[in-house]
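Asker: Provide a 3D model corresponding to the input given below.
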Amino acid sequence: ITGPITVYGGKVTLAGVGLTSTASGAAVKLISSGDVLVTPGASITTNNGAILLAADRDNSGSGGIEVYNASLTSNGGNITLGGGAADGSSYAKGLSYTSAAYTPQSGMGIDIRGNSSSSSSTTINAGGGNILINGKGAASGTTGQYAIGVNMVFLPTIQTSGSGTITINGVGGVNIDSATYGAGVNFWSGTSISSASGAINITGTSGTGSSSVPSGIFYAGGTGNVSIYSTSGAIGLTGILATAGTGTAVSMSGSAIYLGRDSTGNVKTGGNLTITGDSLSLSSSNLDTTGTLTLQPYSNSFSSAFS
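Answerer: Numbers count the residues shown, from 1 in each chain. The predicted model follows:
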């Protein structure tokens, strides 16, 4: 299709098919008052045109985004995953799955995941454009639900080149199950986030309610490495606790964590690496940059010693 392409709906699902806009600069937009789902085998491709996934466009507080074993490729256009308006400038807020099989995801603002049973995974590639991801966990939920703002699991790749930037903002929702949690940004079983000269900024704010691990940015374990790196762009991770002194603002501990370089060591960040939070857990993680490494509190002082 020459494009541009815009799809509106109460719920928009792209399942197992490719949607391509061939005209230079022509955008593809999926805009929903509820959820936007890009499911296994689906792809969206533009020729330097924007890609927009906008959920909860009526700002009712219900409508999230899932990109599952699929690809978004803009070849230089900006890619936005958000909600709260037709331009996706605010937050996608809580997927509305009703199937019991999807209970864990049903409270998440944005769920970006690969396939746990194969090597296939999700790729979001702006090719020099900017990437913006805004997700907020649900304001209410059920047992077994995770009110995570932005969830990245099973080896998704989020990347851009040139001066393109990557910005991820996650806010946890109201978590009602003490066996689950509502982290702002959550990683599990591998993720790769990379840029060239553009900055990478990830900000997570923990949710409220019951939670097994209150965290702004949280690594939950699993298999596979979590790598966040650039060639020369600055990298910033900021964790914010909804209740000061409760939980860990940035909890990214483990030998599978690589901040400032890729897991092979072939790419090392030349820009500054800044990690901000009143409490930081970074034990055994790999921090590497040829720029300046800064560990600093979000408020006036740290609430606990580094771990």
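
Asker: where does this protein have low pLDDT?
Answerer: Where the chain drops to pLDDT under 70, the residues are 98-104, 117-120.

Asker: Could I get the buried residue list for stretch 264-283?
Answerer: Going by neighbour count (16 or more other C-beta atoms under 10 Å), the buried part of stretch 264-283 is 267, 269, 271-282. To be clear about C-beta, it is placed using only N, CA and C from the backbone, and glycine gets the same treatment.

Asker: Quote the end-to-end distance of that stretch.
Answerer: Start and end residues of stretch 264-283 are separated by 19 Å (C-alpha to C-alpha, to the nearest Å).

Asker: One more: stretch 248-267?
Answerer: End-to-end span of stretch 248-267 (C-alpha to C-alpha): 29 Å.

Asker: mind listing what's buried in it?
Answerer: 248-254, 256-263, 267.

Asker: mind listing what the residue nearest the centre of the chain touches?
Answerer: Nearest to the geometric centre of the chain sits Val150, at 4.4 Å (C-alpha atoms, centre = their mean). Neighbour list for Val150: 108-110, 112, 133-135, 168-170, 184-186, 204 [criterion: C-beta atoms under 8 Å, 6 or more residues apart in numbering].

Asker: Mind listing the residues bridging to it?
Answerer: In this structure, Val150 bridges to Ile110, Val185 when assessed by DSSP bridges.

Asker: Ser230 versus that one, what's the distance?
Answerer: 19 Å (C-beta to C-beta, to the nearest Å).

Asker: distance of Gly49 from Thr160?
Answerer: Distance, Gly49 to Thr160, by C-beta to C-beta: 15 Å.

Asker: which one of the two has more residues nearby?
Answerer: Neighbour count, other C-beta atoms under 10 Å: between Gly49 and Thr160, Thr160 has more, with 28 against 25.

Asker: Which residue is the nearest non-sequential neighbour of the more buried one?
Answerer: Excluding its sequence neighbours, the residue lying closest to Thr160 (C-beta to C-beta, 6 or more residues apart in numbering) is Ala126, at 4.0 Å.

Asker: Now do the contacts for the one you found.
Answerer: Contacts of Ala126 by C-beta under 8 Å, 6+ apart are Ser74, Gly76, Gly77, Asn78, Ile79, Gln159, Thr160, Ser161, Gly164.

Asker: which of the residues you listed lies closest to Ile193?
Answerer: Gln159 (7.2 Å; C-beta to C-beta).

Asker: Report the contact partners of that closest one.
Answerer: Contacts for Gln159 (C-beta under 8 Å, 6+ apart) come out as Thr123, Ile124, Asn125, Ala126, Ile166, Ser192, Ile193, Ser194, Ser195.

Asker: wait, doesn't the first one sit right on Ser71?
Answerer: Going back to what we said before, that points to Thr123. Yes - taking C-beta atoms under 8 Å as the definition, Thr123 is a contact partner of Ser71 at 4.6 Å.

Asker: Need the overlap of contacts for those two.
Answerer: Taking C-beta under 8 Å, 6+ apart as the criterion, Thr123 and Ser71 do not both touch any residue.

Asker: before we move on, the earlier item: could you point out which of the buried residues of stretch 248-267 is nearest to Gly216?
Answerer: The shortest approach to Gly216 among the buried residues of stretch 248-267 belongs to Ala249, at 4.8 Å (C-beta to C-beta).

Asker: Show me which pair in the buried residues of stretch 248-267 is furthest apart.
Answerer: In the buried residues of stretch 248-267, two members sit farther apart than any others by C-beta to C-beta. They are Thr248 and Val267, at 27.9 Å.

Asker: Redo the buried residues of stretch 264-283 as JSON lines? Include distance to Lys93.
Answerer: Supplementary listing: the buried residues of stretch 264-283 in JSON lines, determined by distance: C-beta to C-beta, whole Å:
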{"residue": "Val267", "distance to Lys93": "35"}
{"residue": "Thr269", "distance to Lys93": "32"}
{"residue": "Gly271", "distance to Lys93": "32"}
{"residue": "Asn272", "distance to Lys93": "32"}
{"residue": "Leu273", "distance to Lys93": "31"}
{"residue": "Thr274", "distance to Lys93": "28"}
{"residue": "Ile275", "distance to Lys93": "27"}
{"residue": "Thr276", "distance to Lys93": "25"}
{"residue": "Gly277", "distance to Lys93": "24"}
{"residue": "Asp278", "distance to Lys93": "26"}
{"residue": "Ser279", "distance to Lys93": "27"}
{"residue": "Leu280", "distance to Lys93": "28"}
{"residue": "Ser281", "distance to Lys93": "28"}
{"residue": "Leu282", "distance to Lys93": "30"}
